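Colleague: Show me the folded form of this:
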Amino acid sequence: MGRGRNTSARTVDGYNSHQLTQSVPPATGARLITAVGVMPANAADGAPLPDLVVERAALTGTAPPR
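Modeller: Numbering: from 1, shown residues only. Sure thing, here's the model as predicted:
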């Protein structure tokens, strides 16, 4: 389990989850989760992004828009 900081006075124990989503039929406004990553709370927020993009491309054949 990681220990991160929410503010300078408040620490956070646990994990952060990160998700990449993709729109399904636009008229519905629904989104489909295409990749998920879980990191310790003390890991940098952007750390799992490259792995999530590779996972999404492998599963769906598409990369997120830039």
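
Colleague: What's opposite the residue most central in space within the chain in the beta bridge?
Modeller: The C-alpha lying nearest the average C-alpha coordinate of the chain belongs to residue 18 (CA atoms, centre = their mean; 2.0 Å). Under DSSP bridges, the beta-bridge partners of residue 18 are residue 37.

Colleague: Let me know the pLDDT of it.
Modeller: We have a pLDDT of 86 for residue 18.

Colleague: need the contact list for it.
Modeller: Going by CB atoms under 8 Å, 6 or more residues apart in numbering, residue 18 touches 36-39, 45, 48-49, 52. Using the backbone N, CA and C atoms, a C-beta is placed for each residue, glycine as well.

Colleague: Buried among the residues you listed? Make that a PyMOL selection.
Modeller: To isolate the buried members of the contacts of residue 18 in PyMOL, using 16 or more other CB atoms under 10 Å:
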select buried, resi 37+39+48+52
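
Colleague: which of the contacts of residue 18 sit farthest apart?
Modeller: Distances among the contacts of residue 18 were taken as CB to CB; the most separated pair is 36 and 45, at 15.0 Å.

Colleague: Quick one: the helices in this protein, in order.
Modeller: 49-60 (DSSP state H).

Colleague: what about the strands in it?
Modeller: For the chain, applying DSSP state E gives strands covering 2-5, 11-23, 31-40.

Colleague: buried stuff in the longest one?
Modeller: Going back to what we said before, that points to strand 11-23. 16, 18, 20.

Colleague: Kindly calculate the angle that it makes with strand 31-40.
Modeller: On the basis of axes from the mean of the first three to the mean of the last three CA atoms, to 10 degrees, strand 11-23 is oriented at 150 degrees to strand 31-40.

Colleague: where does this structure have low pLDDT?
Modeller: Residue ranges of the chain with pLDDT under 70: 1-12, 26, 64-66.

Colleague: make it 80
Modeller: In the predicted model of the chain, residues 1-13, 23, 25-29, 41-43, 45-46, 60, 62-66 satisfy pLDDT under 80.

Colleague: Mind putting the strands of the chain into JSON lines with distance to residue 57?
Modeller: Converted to JSON lines, the strands of the chain look like this (distance: least, CB to CB, whole Å):
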{"stretch": "strand 2-5", "distance to residue 57": "27"}
{"stretch": "strand 11-23", "distance to residue 57": "10"}
{"stretch": "strand 31-40", "distance to residue 57": "9"}
